[in-house]
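Peer 1: with the sequence up front, the predicted model follows.
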Amino acid sequence: MMQIQANKPAVNCTVAGGLSPLSEKLWREKTKAEFVGDVSARLTWKDLTVMVTLSNGNTQKVLEGLTGYAEPGTLTALMGPSGSGKSTLLDALSGRLAANAFLSGTILLNGRKTKLSFGTAAYVTQDDNLIGTLTVRETISYSARLRLPDNMPWSEKRVLVESTIIEMGLQDCADTVVGNWHLRGISGGEKRRVSIALEILMRPRLLFLDEPTSGLDSASAFFVTQTLRGLSRDGRTVIASVHQPSSEVFELFDQLYLLYDGKTIYFGKASEAYEFFAQAGFPCPALRNPSDHFLRCINSDFDKVKSTLKGSMKLRFEASDDPLEKITTAEAIRSLISFYRTSQQCYAAKEKVDEISKVKGTVLDSGGSQASFLMQSYMLTKRSLVNMSRDFGYYWLRLLIYFVVTICIGTIYFNVGTSYNAILARGSCASFVFGFVTFMSIGGFPSFVEDMKVFQRERLNGHYGVTAFVIGNTLSAMPFLVMITFISGTICYFMVHLHPGFQHYLFFVLCLYASVTVVESLMMAIASIVPNFLMGIIIGAGIQGIFMLVSGFFRLPNDIPKPVWRYPMSYISFHFWALQGQYQNDLRGLLFDNQSPDLPKIPGEYILENVFQINVGRSKWINLSVIFSMIVIYRIVFFLMIKISEDITPWIRGFVARRRLQQKNATLNMMVAPYRLSQSPSLRTYVGNRANGTARR
Ligand SMILES: Nc1ncnc2c1ncn2[C@@H]1O[C@H](COP(=O)(O)OP(=O)(O)OP(=O)(O)O)[C@@H](O)[C@H]1O
C-alpha cells in the first residue's frame with residue numbers, strides 16, 4: 001500500500017505547476033483560498049421525509065424524518081442496505097427528486113433555502129451518461145472548454161485536464177473511446193471514474209456522489225475515495241453514498257450516515273460508529289470489517305434464507321457469540337433505531353443542525369460554467385459533430401440506407417417519362433420520397449435519447465445553458481442532413497428524371513432537406529419528454545403516420561373530412577406542404593399523354609387542379625417556406641419543452657406536494673381530534689364535575 005501511495009501524483013502541484021499567473025489566479029479562485037471562508041457550503045436537513053406515489057396510486061414513505069448536516073472540509077458517507085434510501089436522500093438534498101416524489105422538511109444551504117441544481121452543487125449520479133464515441137481525454141477536454149473561462153489559454157486548460165485524468169487514475173485509458181453499442185470502450189469502473197473526473201474538474205463547493213466506488217477494484221476505490229477526501233480537505237463539502245467500503249476506505253470518511261428503510265440508524269463521526277454499535281449491544285467481532293458489520297446488522301433482505309440455514313446448522317449458531325445469530329435482524333434494527341434516538345450522537349446532530357441553520361451565510365450562486373455563451377455553443381456544436389461523424393449507427397449506416405433506398409426508387413421509377421401512367425407514377429414517387437424517406441429519419445431517435453441523457457446530466461450540473469444546447473444540436477445536425485438529403489435527392493432526381501431544370505432540382509432537394517429536418521426536430525422534441533427508445537419511436541411513428549394520412553395522397557385534399565383532419569391536421573402536416581409543393585414543382589409546365597393517342601395531351605396544370613386538387617395560384621416556394629418555418633417552430637417547441645420541464649414542472653410538483661401534505665394533515669387532525677378533546681383540561685373538569693353531579697346543565 002505504501003508503494004502505491006508513493007506512486008500517486010501530487011495533483012495540486014501538477015495543476016499549479018503548469019499554469020500562468022493569470023490562470024493560476026483563476027484556478028485558485030476556485031480552490032482552497034476561496035473556499036476556506038464564508039463561501040463554503042454548509043448543508044443541513046431537518047425532518048426530511050420523502051413520499052413517492054406508486055403506479056397503483058398508493059404512496060410509500062421512502063425517507064422518514066431524517067436530520068443531519070454536512071460541513072465544509074468533511075467527507076460524509078451514506079451507507080445502508082440496497083433500497084434503504086441513499087440515492088433518494090442524495091436526490092432530495094440536491095433538488096433532483098423524481099416527478100412522483102414529494103418531500104417535506106427543511107433543507108438549508110448556509111442557513112438559506114437554495115436551489116441546488118444547475119450548478120450550485122455537482123452531482124455524480126449512479127448512471128454514467130457519457131458520449132460513447134469520444135475518448136476519455138476528449139470527454140474531459142470538451143467539458144473543460146465548455147466550463148473554464150474563455151480567457152484561459154487552452155494549453156493551461158489542458159494542464160487541468162491532464163491532472164484530473166491522473167487524479168482519477170485514467171492515464172492508461174485516456175485515448176480509449178468511452179464505448180457504446182458498437183464500439184468496445186473502457187470498463188465500467190473506468191466510466192465511473194470519468195464521471196467523477198467531469199465533476200471534480202471544476203472543484204465544486206458542494207459535491208454529491210451516488211456510488212462513486214461501485215464497480216471499482218479495491219485499490220481504485222481507495223484512491224478515488226482518497227481524492228474525494230483531498231477535495232474535502234480544501235474546504236469543500238462532499239457527500240457520497242457507498243456500498244461495502246473496505247476498512248481502509250472506511251477510515252477515510254469523516255461522517256457516517258447509516259440508513260435502513262429510510263430511517264436513521266446512525267449519524268455521527270465515522271470513527272465513533274464502532275463504539276456506538278458496541279454500546280447498542282452489537283459489538284463488531286475482532287476480525288470483521290466494521291462497515292461489513294454495520295450492514296450485516298441491518299440487512300434483512302436475507303432473513304428467510306438465514307432462518308432456513310439456522311434450522312440446518314442449529315448447533316453452530318447456538319454455539320456462536322455473535323448477538324446477530326441470537327435475534328432476528330428486525331429485532332436488531334428496532335433496537336438500533338431506538339438506541340440512536342436516545343444517543344448522544346442524535347442529540348449532538350440536532351443541536352448542530354440548529355446551530356448551523358441559524359447562521360445566515362453567503363448565498364451561493366450557480367458555480368456552473370464560466371465560459372461565454374458563444375464558447376458553449378461552439379463547443380457543443382463541435383462535440384456533437386465529432387460524435388455524429390463517429391457514430392456508425394447515426395451517420396454512416398443511415399447514409400448507406402438512404403443511398404440504397406434511393407437507388408431502389410431510382411431503378412423502380414427509372415426515367416418515368418410523360419406517359420398517361422406516369423401521372424400516377426410521379427405522384428406515388430413524390431409520396432414515397434416525402435412520406436417514407438423522411439420517415440426513415442426516426443431511426444436517429446436512439447442517438448437523440450443518448451444526447452438528451454448527457455444533456456440532462458450536464459445541464460443539472462450547470463455545465464451550459466439550454467439555448468447553447470439547442471443551438472449546438474441544431475447546427476451540428478445540419479451538415480449531415482444536407483449530405484444525406486442532397487446525395488439521395490440528387491440520385492433520385494436524375495434517375496427518375498423528374499422535371500428538368502436547376503430550380504426544379506433545387507426545390508426537390510431543399511424540400512427533402514427541410515422535411516427530414518422537420519422529422520429530426522420533431523423527434524428531438526419527443527426525446528426531451530420521452531426518454532425511452534421504444535416509446536419515443538412509437539409516438540414519433542404514430543404522429544408521422546397521421547401526418548402522412550392527411551397529406552393529400554391517400555385521400556384527395558377536398559375529400560378529407562373537414563373538421564379535425566382537413567383543418568387543422570392537413571395544415572400542421574409537413575407531408576401535406578411537401579407533397580403539394582413537389583406536385584407543382586414536377587407537373588407544372590409538362591404535357592402528358594392522354595389515355596388514347598387520338599386525344600389531346602394533358603397539361604400538368606390541369607392535372608394539378610383536377611386530379612390532385614391543388615391551388616395552382618399558390619407558389620411552390622410558399623410551401624417550402626412553410627416547411628422551413630416548421631423547423632423553427634419545432635426547435636422552439638424543443639427549447640420550451642426543456643424549459644418547462646426545468647422551471648414549471650418543479651413548481652407544479654411543489655404545489656401538488658404542498659396540497660397533498662395539507663390534505664394529509666387535515667385527515668390526521670380529524671383522526672386525532674377525539675383524542676385531543678379527551679385530553680382537554682376543560683373537558684376533563686367538565687366530565688369530573690358531571691361525575692360529582694356538580695356540572696352546570
Ligand atoms: N420515485 C420513486 N418511485 C417509486 N419508488 C421509489 C422512488 N424513489 C425511490 N423509490 C423506492 O425507495 C426505495 C429506496 O430507493 P433508493 O434508490 O433511494 O435506495 P438505495 O439505498 O439508493 O438503493 P441501492 O443501494 O440499491 O441503489 C426503493 O425501494 C425504491 O424502489
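Peer 2: Looks like it arrived, so ask away.
Peer 1: for the stretch 301-450 of the chain, just list every one of the helices.
Peer 2: Using DSSP state H, counting those that start in this stretch, the helices of the stretch 301-450 of the chain run over 303-312, 314-319, 329-341, 344-358, 373-390, 397-412, 420-432, 438-439, 445-460.
Peer 1: worst average pLDDT in those?
Peer 2: Mean pLDDT is lowest for helix 314-319 among the helices of the stretch 301-450 of the chain, at a mean of 44.
Peer 1: OK, contacts around the residue nearest to the spatial centre of the chain?
Peer 2: Central residue of the chain (CA atoms, centre = their mean): Gln456, 3.8 Å from the mean position. Contact analysis of Gln456 by CB atoms under 8 Å, 6 or more residues apart in numbering lists 129, 531. All C-beta spots, glycine's among them, are computed from the backbone N, C-alpha and C.
Peer 1: how much space separates it from Ser218?
Peer 2: Distance of Gln456 to Ser218, given as CB to CB, to the nearest Å: 32 Å.
Peer 1: up against the ligand, what does this protein have?
Peer 2: Within the chain, the positions near the ligand by CB under 6 Å from any ligand atom are 52, 54, 62, 80, 82-88, 98, 100-101.
Peer 1: can you give me the strands in the stretch 101-250 of the chain?
Peer 2: Taking DSSP state E, counting those that start in this stretch, the strands of the stretch 101-250 of the chain run over residues 101-109, 122-124, 206-210, 237-241.
Peer 1: now distance to Ile529 and mean pLDDT too, for those, in a markdown table please.
Peer 2: Listed next are these as a markdown table, based on distance: least, CB to CB, whole Å; pLDDT from 0 to 100:
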| stretch | distance to Ile529 | mean pLDDT |
| --- | --- | --- |
| strand 101-109 | 18 | 87 |
| strand 122-124 | 22 | 91 |
| strand 206-210 | 24 | 92 |
| strand 237-241 | 29 | 94 |
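Peer 1: and stretch 405-423, C-alpha only, in CSV?
Peer 2: Output of stretch 405-423 as CSV, limited to C-alpha atoms (Å, rounded to 0.1, in the frame of the first residue of the first chain):
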residue,chain,number,x,y,z
VAL,A,405,-33.4,3.1,-50.8
THR,A,406,-33.0,6.0,-53.3
ILE,A,407,-31.2,3.7,-55.7
CYS,A,408,-34.2,1.4,-55.4
ILE,A,409,-36.6,4.4,-56.0
GLY,A,410,-34.4,5.4,-59.0
THR,A,411,-34.5,2.0,-60.6
ILE,A,412,-38.2,1.4,-59.9
TYR,A,413,-39.3,4.8,-61.3
PHE,A,414,-36.3,5.0,-63.8
ASN,A,415,-36.9,7.6,-66.5
VAL,A,416,-40.5,7.9,-65.6
GLY,A,417,-41.4,10.0,-68.6
THR,A,418,-44.7,11.7,-69.5
SER,A,419,-47.0,8.8,-70.5
TYR,A,420,-50.5,8.7,-69.1
ASN,A,421,-49.4,6.2,-66.4
ALA,A,422,-46.5,8.5,-65.5
ILE,A,423,-49.0,10.9,-63.9
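Peer 1: what's in contact with it?
Peer 2: Counting by CB under 8 Å, 6+ apart, 425-426, 429, 432-433, 436-437, 440, 487-489, 491-492, 494-498, 587, 590-595, 602, 607, 611 sit against stretch 405-423.
Peer 1: may I see the buried residues of it?
Peer 2: For stretch 405-423, the neighbour count (16 or more other CB atoms under 10 Å) marks 405-406, 409-410, 413, 416, 418, 422-423 as buried.
Peer 1: contact partners for the closest residue to Ile471 other than its chain neighbours?
Peer 2: Excluding the flanking residues, the one nearest Ile471 by CB to CB, 6 or more residues apart in numbering is Ser377, at 4.6 Å. Contacts for Ser377 (CB under 8 Å, 6+ apart) come out as 467-468, 471-472, 475.
Peer 1: can I have the buried ones of those residues as a PyMOL selection?
Peer 2: Remark: buried members of those, expressed as a PyMOL selection using 16+ other CB under 10 Å:
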select buried, resi 468+471+472+475
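Peer 1: which of the contacts of Ser377 fall within strands?
Peer 2: Applying DSSP state E to these, no entry is found in strands.
Peer 1: could you tell me which of the contacts of Ser377 belong to helices?
Peer 2: Within those, residues falling in helices by DSSP state H are 467-468, 471-472, 475.
Peer 1: okay if I get the residues you listed as a markdown table plus pLDDT?
Peer 2: Converted to a markdown table, those look like this (pLDDT from 0 to 100):
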| residue | pLDDT |
| --- | --- |
| Thr467 | 92 |
| Ala468 | 94 |
| Ile471 | 93 |
| Gly472 | 93 |
| Leu475 | 93 |
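Peer 1: mind picking the two most distant members of those residues?
Peer 2: Of all pairs drawn from the ones in helices among the contacts of Ser377, the greatest distance, 12.3 Å, lies between Thr467 and Leu475 (CB to CB).
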